[in-house]
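Asks: Mind looking at a prediction? Sequence and model below.
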Amino acid sequence: MSLGLSLGVVFGLLFLDNLALGISFGFSIGIAIGIGLDVDAKKKGRTI
C-alpha cells in the first residue's frame, strides 16, 4: 500500500498538480496491488 501511495503522490504532483488527487490515486493503486497479490496467494494455496 505504501508503494501505491508514493507512486500516486508522485503522479499527482507531476501530472495533475494536485496532491489530494495524487493521494487518492495512490490509495487506489495500493489497494489494487494488495488485492492482486491476495488473489494470487489464494490460487497458490498460501493463505493464512
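Replies: Received it, and whenever you're ready, just let me know what you need. Because the structure is predicted, anything quoted here is derived from the model rather than measured.
Asks: so which helix or strand takes in residue 47?
Replies: Using DSSP states H and E, residue 47 sits within no helix or strand.
Asks: separation between it and residue 25?
Replies: 29 Å (CB to CB, to the nearest Å). C-beta coordinates here come from the backbone N, C-alpha and C atoms, glycine included.
Asks: neighbour count winner among those two?
Replies: More neighbours surround residue 25 than the other of residue 47 and residue 25, with 20 against 8 (other CB atoms under 10 Å).
Asks: what's the helix or strand for that one?
Replies: For residue 25, the host element (DSSP H and E) is helix 19-44.
Asks: Return the distance of that helix from the chain's centre.
Replies: 4 Å (CA atoms, centre = their mean, to the nearest Å).
Asks: so who does residue 10 touch?
Replies: With contact taken as CB atoms under 8 Å, 6 or more residues apart in numbering, residue 10 is in contact with residue 22.
Asks: what's the answer for residue 41, then?
Replies: Counted by CB under 8 Å, 6+ apart, residue 41 has contacts residue 47.
Asks: For the closest residue to residue 22 other than its chain neighbours, grab the count of nearby residues.
Replies: Leaving aside its sequence neighbours, residue 22 sits nearest to residue 12 (CB to CB, 6 or more residues apart in numbering; 1.5 Å). Counted with other CB under 10 Å, residues neighbouring residue 12 total 19.
Asks: One more: residue 22?
Replies: 22.
Asks: If I follow the layout properly, residue 11 ends up in contact with residue 25?
Replies: Yes - using CB atoms under 8 Å, residue 11 is in contact with residue 25, at 6.0 Å.
Asks: quick one: pLDDT of residue 4?
Replies: Looking at residue 4, its pLDDT is 65.
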